[in-house]
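Enquirer: no sequence on hand, only this structure:
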């Protein structure tokens, strides 16, 4: 049995009511629940957090506890409405103390849909993609390479630079000394109340679509010709569409772009599941007097500069005492009123709904060639509902087709506008 204290951002993710990350894939075959369960069992040595539950001690310290005898839940569903299943998965409350923090749902019709739902405290979007690939490998009879014997975590000791600057560390130490003297009550009852209140107010909707091989090839070709990444091209296209379809609001130029930190860490986790995500928030204003590609080249420079400069900036939160991190969450979700916490929440922009989007682009997904029996028709995700951005875009490329998942708040965004986005984005790349 392995134990590891949970600090920093993962502790905050564990406390939030809307931190499930969902992905689903469609196979052109039928597999049984028993077969899926056996394939997941084979993966526990590589993806050790599959067998994880949470333990809270008398000092309110929170621990990952990995127990190989604790197996992930595998459900079956007869529903024909994949969106209904996905929305229910976003709302699902994991029993952290009992565990595990991940579950699978199998939907069998004329094909098989595998849905993976995981709490963000033990995974990111890349995790679910790696996990899905490994499930398919096991199903197809391939061997899984296991390099990591002990789980790796995103923590200050594993980051190749010192977090924060001397001034920020000084003020964080002052805050920690003050809050370590306080008693912070974050009971299971309070978490349940927070969870219930959040999902009474928020109504997620999900729209999934993909571009054909020809459409995808055109987008990739256009981006290469103009010396920008596909991700920057998509960011520019969505910002252009935002300007055309939606009324400009406060924070309309703020975009959240996620990044994967795995290869940057001292002790690298490889393709094991875990939380290894970072993000930057560039202010990208689309300038109408410039061409689409001129805008995209400006955006690429800004994004690249931010990623080089602030790649680990969001991990500075790991320096705060767990008591203050709990206080932040309790203030965000209306359970406490602390002046200092409110100031920092406002400064970080966690009190605003940014009117644009977050984008998590998992890139090109390469599958094994030995998959004739388990050919993947489509793969969508990550699907996440954020309370700080209007739209969360999960993007990946598989079978030479771009796949999009757009999760949004139906009280804030018109569904018809989301459908128009696809048409306009294709038009942009065809016209330019």
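Expert: Nice, I can see it. What you are looking at is a predicted structure, and each value in this text was computed from that prediction instead of being measured.
Enquirer: beyond the longest helix along the chain, next helix or strand please.
Expert: Across the chain, the longest stretch assigned as helix under DSSP state H is helix 292-310. Elements were assigned by DSSP states H and E; along the chain past helix 292-310, the next helix or strand is helix 322-332.
Enquirer: mean confidence score for that next one?
Expert: Averaged across helix 322-332, pLDDT comes to 94.
Enquirer: what is the neighbour count of the closest residue to residue 406 other than its chain neighbours?
Expert: Spatial nearest neighbour of residue 406, chain neighbours left out: residue 207 (4.9 Å); criterion: CB to CB, 6 or more residues apart in numbering. Backbone N, C-alpha and C define where each C-beta goes, glycine included. Residue 207: 17 surrounding residues under other CB atoms under 10 Å.
Enquirer: and residue 333, by the same measure?
Expert: The burial count for residue 333: 20, using other CB under 10 Å.
Enquirer: please, where are all the strands along the stretch 151-300 of the chain?
Expert: Secondary structure of the stretch 151-300 of the chain (DSSP state E, counting those that start in this stretch): strands at 204-210, 256-260, 277-280.
Enquirer: compare the ones you listed and give me the one nearest residue 166.
Expert: In terms of CB to CB, the element of the strands of the stretch 151-300 of the chain nearest to residue 166 is strand 277-280, at 22.0 Å.
Enquirer: so what touches the closest one?
Expert: Applying CB atoms under 8 Å, 6 or more residues apart in numbering, the contact partners of strand 277-280 are 124-126, 256-261, 303, 306-307, 310-315, 358.
Enquirer: where are the low-confidence patches of the stretch 251-400 of the chain?
Expert: For the stretch 251-400 of the chain, the stretches with pLDDT under 70 are 251-252, 368-373.
Enquirer: just the stretch 101-250 of the chain next, same as before
Expert: 148, 247-250.
Enquirer: mind redoing it with 80?
Expert: Along the stretch 101-250 of the chain, segments meeting pLDDT under 80 span 109-110, 145-149, 246-250.
Enquirer: related to what we said a few turns ago, got a markdown table for the strands of the stretch 151-300 of the chain, with distance to residue 193 too?
Expert: Shown next, in a markdown table, are the strands of the stretch 151-300 of the chain (distance: least, CB to CB, whole Å):
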| stretch | distance to residue 193 |
| --- | --- |
| strand 204-210 | 20 |
| strand 256-260 | 28 |
| strand 277-280 | 28 |
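Enquirer: relative to residue 169, which of those is closest?
Expert: Going by CB to CB, the one of the strands of the stretch 151-300 of the chain nearest residue 169 is strand 277-280, 19.1 Å.
Enquirer: pairing partners for that closest one, with directions?
Expert: Its sheet considered, strand 277-280 pairs with strand 256-260 (antiparallel) by DSSP bridges.
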